[in-house]
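Q: Build me a model from this:
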Amino acid sequence: MARAQPSVLREGIVAGMIGAAVVAVWFLVFDIARGRPLLTPALLGAAVFHGVSSPIGLEITFGPIVGYTILHGLAFVGFGVLAASLMAASEREPALFIAFVILFACFEMFFFGAVGVLGKSLMGALVWWSILIGNLLASAAMLWYFFRAHRALPRSLVGSWGGVLAEGIIAGLIGAAVVALWFLVIDWVQGEPLRTPALLGTALLRQPSALPAIFLYTLVHGLAFALFGIVVALLIAGAERQPLFVFALVIFFTAFEVFFFGAVVVAAKWVLDELAGWTIFLGNLLAAAAMLGYFLKGHRGLAHRVSAAWHED
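A: Below is the predicted model of the structure:
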């Protein structure tokens, strides 16, 4: 145990520095895309060290950036050491890995809470989804580093579910690509190529210029479909064991469509003023058909088993 502690400490420090670097690079790219390089660390540094609560009139200076970078690195190192300890414990008891997920969730909530305390205008300038994506990328990079040091752990944690997750991600990206191509064709026919992603990115993601808005919206769009694909893949895997479970897939898709249109009507009704409702609905149907085709290609006997189980019941 005495020999293991330095290894855990070293792993935690390295993983924390990797996570901090990933977040720093993400926000550097994000700030460059919106036309104000280093705005995020300058704003957070000014808030922490000088009590600034609004981005209005903020001058990007070297001192707050360096101070916040050091503070940011120390916070991630502390998080990394805790995560490394949980990883070491998970090798003996894989079920303890859930504690890593809980630790990440607590870290997220703490960060959002801390930013919220600093001021609503500060939170608006940072854009909540950019914080979430940055921390998700950092967590993925740290997990990659941990799994390289604990090669047996992924197999004991994921087992046969690794293929299910990969299948879901691929299917989600296929669906995202189909929707993107559909609206590319619609925009081209209307004489305004890339109008839809530019419109949604500018309005929803607060991006003033078209190209960064298109890039960032495409990224968020792809991540959302990948998550949707993972859920569908899990339902398909359940249907392989219990064929009638496939009806849960139909219910899930229907609920997703109803939720999506309900959210648009409640939170962003202007979308239906700019985009015809039938184009959104048909785009989602095309994406669902493409994803279903991909899933059925890998589960050729599922349709027959569902039909047989239906007749038996």
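Q: now the helix or strand encompassing Leu28, how far from the centre of its chain.
A: Using DSSP states H and E, the element containing Leu28 is helix 4-33. The chain centre lies 18 Å from the centre of helix 4-33; the measure is C-alpha atoms, centre = their mean, to the nearest Å.
Q: Can you mark which positions in that helix are buried?
A: Applying a neighbour-count criterion of 16 or more other C-beta atoms under 10 Å, one finds 8, 11-20, 22-24, 26-27, 30-31, 33 buried in helix 4-33. Every residue, glycine included, has its C-beta placed from N, CA and C.
Q: repeat for stretch 250-257
A: Phe253.
Q: pLDDT of that stretch, averaged?
A: If you average the pLDDT over stretch 250-257, you get 73.
Q: Please apply the same query to stretch 14-22.
A: On average, stretch 14-22 scores 95.
Q: Stretch 290-309 too?
A: pLDDT averaged over stretch 290-309 gives 75.
Q: check which helix or strand covers Leu216.
A: Per DSSP H and E: helix 210-241 holds Leu216.
Q: What segments of this structure are strands?
A: Ranges of strands in the chain, per DSSP state E: none exist.
Q: Quickly list the domain ranges of it.
A: Domain assignment of the chain by automatic domain parsing yields the ranges 4-156, 161-312.
Q: Comparing those domains, which yields the minimum mean pLDDT?
A: Going by mean pLDDT, the lowest-scoring of the domains of the chain is domain 161-312, which has a mean of 76.
Q: what's the spacing between that domain and its chain's center?
A: In terms of C-alpha atoms, centre = their mean, the centre of domain 161-312 is found 15 Å from the chain centre.
Q: follow-up on the earlier one: so what secondary structure elements neighbour the helix holding Leu28?
A: Judged by 3 or more C-beta pairs under 8 Å, 6 or more residues apart in numbering; DSSP states H and E, helix 4-33 is in contact with helix 39-50, helix 62-92, helix 128-149, helix 210-241.
Q: Export those helices as a markdown table, with columns for distance to Ala166 and mean neighbour count.
A: Below are the helices and strands packed on helix 4-33 laid out as a markdown table (distance: least, C-beta to C-beta, whole Å; neighbours: other C-beta atoms under 10 Å):
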| stretch | distance to Ala166 | mean neighbour count |
| --- | --- | --- |
| helix 39-50 | 33 | 21 |
| helix 62-92 | 22 | 18 |
| helix 128-149 | 15 | 18 |
| helix 210-241 | 9 | 18 |
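Q: returning to what we had before: the helix holding Leu216 versus helix 128-149: what angle between them?
A: 60 degrees (axes from the mean of the first three to the mean of the last three C-alpha atoms, to 10 degrees).
Q: helices or strands up against helix 210-241?
A: Short answer (3+ C-beta pairs under 8 Å, 6+ apart): helix 210-241 packs on helix 4-33, helix 128-149, helix 161-189, helix 195-204, helix 246-267, helix 277-298, helix 302-312.
Q: and the angle for it with helix 161-189?
A: With the same axes, to 10 degrees defining the directions, helix 210-241 sits at 140 degrees from helix 161-189.
Q: 52 is where my numbering starts, stick with that
A: Sure thing, new numbering starts at 52, so read that last one as helix 261-292.
Q: between helix 261-292 and helix 246-255, how big is the angle?
A: If you take the same axes, to 10 degrees, helix 261-292 sits at 100 degrees to helix 246-255.
Q: returning to that earlier point: any chance of the helices and strands packed on helix 55-84 in TSV with distance to Val240 as columns?
A: Converted to TSV, the helices and strands packed on helix 55-84 look like this (distance: least, C-beta to C-beta, whole Å):
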stretch	distance to Val240
helix 90-101	38
helix 113-143	47
helix 179-200	30
helix 261-292	18
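Q: hang on, the earlier thing: which of the helices and strands packed on helix 261-292 sits closest to Ile121?
A: Minimum separation from Ile121 across the helices and strands packed on helix 261-292 (C-beta to C-beta) falls at helix 55-84, 10.0 Å.
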